[in-house]
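**Student:** Below is the sequence, then the predicted model.
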Number of protein chains: 2
Amino acid sequence: MPLFEKVLYSTDFSPLAELALDYVKKLKEAGEKEVVVVHVVDDLSIELPDGADLLNDKELYKILPEVDQEYVTSLIERLEAVKRILEEEGLSVKIYLKYGNIPKQIVDVAEKEKVKIIVMGAHGKGLLTEILLGSVSTDVIRNAKCPVLIVKNREE
Amino acid sequence: MPLFEKVLYSTDFSPLAELALDYVKKLKEAGEKEVVVVHVVDDLSIELPDGADLLNDKELYKILPEVDQEYVTSLIERLEAVKRILEEEGLSVKIYLKYGNIPKQIVDVAEKEKVKIIVMGAHGKGLLTEILLGSVSTDVIRNAKCPVLIVKNREE
């Protein structure tokens, strides 16, 4: 199977994730056919089981406080917008909105979907981890079984 | 220019670097044409200027103790073997043997050669940094201006 046939694109909707999205679009020239888009939420006001499916689990949705429901709805809209952008490129796209430990969820989806590579911006969470490269990227690289491609801002 | 037209392949000749080499070979299907192979030495018995060119600087070679001369010669042979492997794939190959800070030298060559991406195994130096993913990979990702692709051992 070609190296880039099925790609996991992890996004936190940051400017660096947008840059990584441009890269994911361009990967079509390298044989990319399918993209699995993943966003992980770890900051809701009630704690959910690690790996909870915020996109499809309607029961889960009902127990969330209203402010979280609105937040989750806005994230789904953003994921669907990314899906449309990639579909316009002729790619087959699947979206995931998961709750839990961010790097763990990304790696879990990568394994479940048997992607060939994970593409992400060099993002982190919080100031300290941003200085230290981004613990999210670091932890994904450490735990992933497939190659990981980190997109950098050339203007940095 | 295609995303993978010119690739920097960083190697420490470890098993993970060999795995990354297989990946670099396969990248030809994604439009790869040129490969810049880089190995950085930081452990000679005399200290040299950061960025010293161990491949082409004949004067430098003369001042090295005999044991280091032999070591450097063996590294050049290994780099040339990698070059042949990639040339057999129909790729255009350039090799670098540099002395100094490993991530800094990798990033410097990447900028000088204007590569489109850096490919490397998730290697580090020493036990502690290996646990912490590999400070070499982390520092390359932090400082590179181009995307960085980290190849992982699937058998891990």
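**Tutor:** Okay, I see it. Numbering: from 1, shown residues only, chains lettered A, B, ... in the order given.
**Student:** Burial check on the residue of chain A found nearest chain B, number of neighbours?
**Tutor:** The nearest approach of chain A to chain B comes at residue A:30, 3.7 Å away (CB to the nearest CB). All C-beta spots, glycine's among them, are computed from the backbone N, C-alpha and C. Close neighbours of residue A:30, defined as other CB atoms under 10 Å in any protein chain shown, add up to 19.
**Student:** Spit out the contact partners of it.
**Tutor:** Going by CB atoms under 8 Å, 6 or more residues apart in numbering or on different chains, residue A:30 touches A:2-4, B:2-4, B:29-31.
**Student:** Which helix or strand contains residue A:115?
**Tutor:** Assigned by DSSP states H and E, residue A:115 belongs to no helix or strand.
**Student:** wait, isn't it in contact with residue A:10?
**Tutor:** No. Here residue A:115 does not reach residue A:10: they are 10.5 Å apart, not a contact under CB atoms under 8 Å.
**Student:** which one of the two has more residues nearby?
**Tutor:** residue A:10 (28 against 24).
**Student:** and the more buried one, how far is that from residue B:113?
**Tutor:** 29 Å (CB to CB, to the nearest Å).
**Student:** ok, then the element right after the helix or strand of chain A at the bottom of the mean pLDDT ranking?
**Tutor:** Ranked by mean pLDDT, DSSP states H and E, the helix or strand of chain A with the weakest confidence is helix A:126-131, at a mean of 50. On the C-terminal side of helix A:126-131, the closest following helix or strand by DSSP H and E is helix A:135-143.
**Student:** quick one: buried residues of that following helix?
**Tutor:** A:135-143 (16 or more other CB atoms under 10 Å in any protein chain shown).
**Student:** wait, doesn't residue A:69 sit right on residue A:60?
**Tutor:** No. The pair residue A:69 / residue A:60 is not scored as a contact, 10.3 Å apart, by CB under 8 Å.
**Student:** pLDDT below threshold where in chain A?
**Tutor:** A:1, A:123-134, A:153-156 (pLDDT under 70).
**Student:** For it, what lies in contact range of chain B?
**Tutor:** Listed as neighbours of chain B in chain A under the rule CB under 8 Å from any CB of the partner chain: A:2-4, A:23, A:26-27, A:29-31, A:117, A:122, A:133, A:137-138, A:141-142, A:144-152, A:154, A:156.
**Student:** I'd like to know which of these are buried.
**Tutor:** Among these, the ones that count as buried by 16+ other CB under 10 Å are A:3-4, A:23, A:27, A:30, A:117, A:122, A:133, A:137-138, A:141-142, A:144, A:146-152.
**Student:** Next step: these restricted to strands.
**Tutor:** A:117, A:148-151 (DSSP state E).
**Student:** Among the residues you listed, which one sits closest to residue A:47?
**Tutor:** residue A:148 (28.2 Å; CB to CB).
**Student:** ok, the closest one - contacts?
**Tutor:** Residue A:148 neighbours (CB under 8 Å, 6+ apart): A:117-120, A:137, A:140-141, B:149-150, B:152.
**Student:** Next, work out how far apart the residue of chain A closest to chain B and residue B:150 are.
**Tutor:** Taking CB to CB, one finds residue A:30 at 17 Å from residue B:150.
**Student:** Report all helices and strands that the lengthiest helix in chain A contacts.
**Tutor:** In chain A, taking DSSP state H as the definition, the longest helix is helix A:66-87. Helix A:66-87 sits against helix A:15-26, strand A:34-41, strand A:92-99, with contacts defined as 3 or more CB pairs under 8 Å, 6 or more residues apart in numbering or on different chains; DSSP states H and E.
**Student:** Of all the residues in it, which ones are buried?
**Tutor:** Applying 16+ other CB under 10 Å to helix A:66-87 flags A:68, A:71-72, A:75-76, A:78-79, A:82-83, A:85-86 as buried.
**Student:** Output these as CSV; include the columns distance to residue B:39.
**Tutor:** Below are the buried residues of helix A:66-87 laid out as CSV (distance: CB to CB, whole Å):
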residue, distance to residue B:39
A:68, 51
A:71, 49
A:72, 49
A:75, 44
A:76, 47
A:78, 43
A:79, 42
A:82, 39
A:83, 42
A:85, 40
A:86, 38
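**Student:** Tally up the residues packed near the closest residue to residue A:102 other than its chain neighbours, please.
**Tutor:** If you skip the residues right next to it in sequence, residue A:102 has residue A:40 as its closest partner in space, 4.4 Å away by CB to CB, 6 or more residues apart in numbering or on different chains. Using other CB under 10 Å, residue A:40 has 23 neighbouring residues.
**Student:** show me the contacts for residue A:40.
**Tutor:** Counting by CB under 8 Å, 6+ apart, residue A:40 makes contact with A:10, A:97-102, A:105-106.
**Student:** Turn the residues you listed into a markdown table, columns for distance to residue A:50.
**Tutor:** Formatted as a markdown table, the contacts of residue A:40 follow (distance: CB to CB, whole Å):
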| residue | distance to residue A:50 |
| --- | --- |
| A:10 | 17 |
| A:97 | 14 |
| A:98 | 9 |
| A:99 | 7 |
| A:100 | 4 |
| A:101 | 6 |
| A:102 | 11 |
| A:105 | 8 |
| A:106 | 13 |
